[in-house]
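J.: I'd like to go over a predicted model; first the sequence, then the structure.
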Amino acid sequence: MRYPKRSQYKYAKSRYRVRNWAQYEAGLRNRGDLTVWLSDAALSAWRAPASGRPGGQRTYSDLAIEAALTIRMVFHLPCSAKTSSALVGLTYYPPPPDRGMMISWLLLVLRALTGMARSHASLAAENAVLRHQLSVLQRDRKRPLLQRSDRVLWIWLCRHWRRWRYVLVLIQPATVLKWHREGYRRHWRRRSGGLGGRPRIPRSHINMIRRISSDHPEWGEDRIVLELRVKLGVEHAPSTIRRYMATRKGDSGPASTTWRTFLAGHASELWTMDLTTQPLWNYSVRYVLVLMELGSRRVVHVAVTASPTLAWVKQRIREATPFGSVPRFLVHDNDGIFGQFGRRRSGRSGRSYRSALDLWLGEVLCIKGIPIPYGAPNAAAHIERFMGSLRRECLNHFIFLSEDHLRRTVTAYITCYNKGRPHQGIEGIPECGPGWPGATRPATDDSPIRFVAHPVLGGLHHDYRLAA
């Protein structure tokens with residue numbers, strides 16, 4: 001089968017003829033018109049003087065040639081000898097008289113004559129106002145900032161001085177009039193503000209409404225109305241409660257429990273886990289796994305290995321959770337060792353899991369694994385803070401010779417941390433529980449204190465106790 005040639009599908013290019021030649025030439029003349037103002041000295045030196053030598057004489061001076069080349073470069077004119085010669089031979093038109101300058105001079109003379117007839121008080125007031133504007137301009141700001149006293153001054157001048165418009169330089173007169181109208185509206189709004197509408201509720205009631213709504217963001221105005229009416233004997237309309245409720249920035253849907261509230265409510269049944277790295281003397285890396293009980297801040301288990309795997313992590317969790325001491329929740333990060341699925345998978349119980357570790361925890365140990373959100377290490381702030389303390393107070397002070405050396409050192413620090421290091425978060429020692437008072441002495445007892453300092457890690461830390 002033969003196909004037709006490509007040339008058969010070509011169409012002739014349309015041609016447009018210019019018919020409005022008069023408008024076309026007028027547009028060209030308007031586009032090419034250029035008016036240059038030259039001084040008398042430049043015009044007198046435009047032509048080149050006679051050299052007095054035989055041969056051809058120069059027509060234009062160096063000034064004319066430099067001016068033509070400058071105009072050509074500024075306006076991006078085509079570089080040709082014809083263009084340059086046309087620019088050099090510019091048509092000279094004498095400049096018309098500057099009528100604006102003449103009018104400004106006449107106005108200046110008239111103002112001087114009227115100023116001679118004005119009183120001394122009027123001239124002094126005008127000088128004072130001009131000096132005030134000069135002081136505003138001299139303030140240490142790129143843009144002059146008008147203060148409230150400046151606005152009040154110009155509003156007063158607007159009402160009591162007829163010539164205030166003539167000496168105003170910084171702002172427009174319409175701005176002063178706008179300030180005056182705004183002050184008028186504020187004045188009458190302040191005078192008539194307490195006449196209409198419902199009376200304001202007491203400040204103590206407002207603080208109580210905001211406290212309840214911030215403590216329970218999931219409550220609506222109807223629930224808070226009922227809480228105040230039944231328990232506290234305070235009755236307000238739902239619209240009033242809605243007006244003073246504490247609002248959270250970015251809330252677009254129903255309020256939910258915050259992460260802080262969740263951790264505080266489940267601290268006794270929640271563990272958290274994390275991994276850190278530590279190099280040995282030969283720059284080989286070892287991994288340290290830590291499991292912590294969140295309620296008491298007690299480190300439950302610690303392990304060290306050179307090659308962490310999912311099976312190794314499972315065995316460490318088995319060792320840390322003997323019979324009867326299994327937590328309900330385990331918070332961990334999104335480490336690749338935990339076998340991330342990418343997409344959630346369903347287990348035999350019907351629940352969906354994000355990693356293989358969570359699947360094993362939920363199906364085998366009946367522990368709900370809670371992976372923190374991506375890029376949010378503050379969700380596991382307690383274990384992250386402990387990892388920082390472990391590194392600052394222990395790991396950074398040693399050069400470890402072997403894996404056993406690292407394990408013994410970390411175990412000694414964990415023992416001191418659990419039994420002898422007061423924790424600021426619980427105001428007590430983790431092994432003894434939150435709020436453990438320990439040994440106390442009366443504040444008025446001036447007898448000398450006898451205590452014993454037990455060195456830890458070769459004197460790096462000390463455990464201070466009262467002597468027997």
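T.: On my side now, so go ahead. Keep in mind that what you see is a predicted model, and the values were worked out from it rather than measured.
J.: Could you list the low-pLDDT ranges of the stretch 251-400 of the chain?
T.: Within the stretch 251-400 of the chain, the set of residues satisfying pLDDT under 70 comprises 251-259, 262-263.
J.: Mind doing that once more with 50?
T.: For the stretch 251-400 of the chain, the stretches flagged by pLDDT under 50 are 252-254.
J.: which residues in it form strands?
T.: 270-279, 285-293, 298-305, 329-332, 340-346, 352-355, 368-371 (DSSP state E, counting those that start in this stretch).
J.: Can you tell me which of the ones you listed is packed in deepest?
T.: Highest mean neighbour count of these: strand 329-332, a mean of 22 (counted as mean count of other Cβ atoms under 10 Å). Where you see a C-beta, it was placed from the backbone N, CA and C, and this is true even at glycine.
J.: In its sheet, which strands sit next to that one, and in what direction?
T.: Strands that pair with strand 329-332, judged by DSSP bridges, come out as strand 270-279 (parallel), strand 368-371 (parallel).
J.: Out of those, the one nearest Leu177 is which?
T.: Nearest to Leu177, of all those, is strand 368-371, at 63.9 Å by Cβ to Cβ.
J.: Let's have the strands of the stretch 251-400 of the chain in CSV, adding distance to Val313.
T.: Putting the strands of the stretch 251-400 of the chain into CSV (distance: least, Cβ to Cβ, whole Å) gives the following:
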stretch, distance to Val313
strand 270-279, 8
strand 285-293, 7
strand 298-305, 9
strand 329-332, 9
strand 340-346, 13
strand 352-355, 11
strand 368-371, 11
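J.: and Gly388, which of these is closest to it?
T.: Per Cβ to Cβ, nearest to Gly388 of the strands of the stretch 251-400 of the chain: strand 270-279, 9.5 Å.
J.: Wasn't Thr415 part of a helix?
T.: Yes - according to DSSP: H, G, I helix; E, B strand; the rest coil, Thr415 belongs to a helix.
J.: Domains in the protein, by residue range?
T.: 21-48+57-88, 99-191, 203-254, 260-402 (automatic domain parsing).
J.: Compare the strands of the stretch 251-400 of the chain and give me the one nearest Gly459.
T.: strand 270-279 (21.2 Å).
J.: Which of the strands paired with strand 329-332 sits closest to Gly220?
T.: Comparing the strands paired with strand 329-332 under Cβ to Cβ, the one sitting nearest is strand 368-371, at 28.3 Å.
J.: Output that closest one as PDB, restricted to C-alpha atoms.
T.: Extracted C-alpha coordinates of strand 368-371, given in PDB (Å, rounded to 0.1, in the frame of the first residue of the first chain):
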ATOM      1  CA  LYS A 368       0.000  -3.900  72.400                       C
ATOM      2  CA  GLY A 369       3.000  -2.400  70.600                       C
ATOM      3  CA  ILE A 370       2.700   1.300  70.000                       C
ATOM      4  CA  PRO A 371       5.100   2.700  67.400                       C
END
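J.: what sits up against it?
T.: Outside strand 368-371, the residues within contact range by Cβ atoms under 8 Å, 6 or more residues apart in numbering are 328-334, 338, 353-355, 357-358, 361-362.
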